[in-house]
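Engineer: 3D, please:
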Amino acid sequence: MAMMDWNEYRRQLATAITAIARTSPDVVKGYRQLSAARTAASTLDPKTSELIALAVAVTVRCDGCITTHVEAARRNGATVAEITDALSVAITVNAGAALVYSARTIDAFHASEEAATKT
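Structural biologist: So this is what the prediction gives:
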């Protein structure tokens, strides 16, 4: 059972983005040009690009990106196993980033402590 109706959400996003395009056509046109330029210059196959997009979507916590790129990944032949593998990379990288920023936090603490002993 799905947690949410992703297909309906994707339709709602399309409607909302169409409304944004009416108000700010150059912004949406620029986004589409950026996307088209990346696709045209890509040395990656479309499925791999979509798997990367899904890992990034999870990292930036974008539901709109998730539903859009899941559909594109599926259309380009991605399996649930491949998507899960890509997501495991996102999980690992995010855990690693938390570990790195934890080290930075401890470093900041020591710097603060050192500054406090100098005053």
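Engineer: what does stretch 2-9 rub up against?
Structural biologist: The contact list for stretch 2-9 (C-beta atoms under 8 Å, 6 or more residues apart in numbering) reads 63-64, 66-67, 70. Placement of C-beta: from N, CA and C, glycine included.
Engineer: quick one: which of these has the most company?
Structural biologist: Within these, neighbour counts (other C-beta atoms under 10 Å) peak at Thr67, which reaches 21 neighbours.
Engineer: quick one, domains of this protein?
Structural biologist: The chain breaks down by automatic domain parsing into domains covering 1-41, 45-119.
Engineer: so which of those is the most packed in?
Structural biologist: The highest average neighbour count among those, using mean count of other C-beta atoms under 10 Å, belongs to domain 45-119 at a mean of 14.
Engineer: for this structure, what spans make up the helices?
Structural biologist: With helices called from DSSP state H, the chain shows them at 6-23, 25-41, 46-60, 63-75, 80-118.
Engineer: Give me the contacts around the shortest one.
Structural biologist: Same thing as helix 63-75. With contacts defined as C-beta under 8 Å, 6+ apart, helix 63-75 is touched by 6-7, 9-10, 13, 46-47, 50-51, 53-54, 56-58, 82-83.
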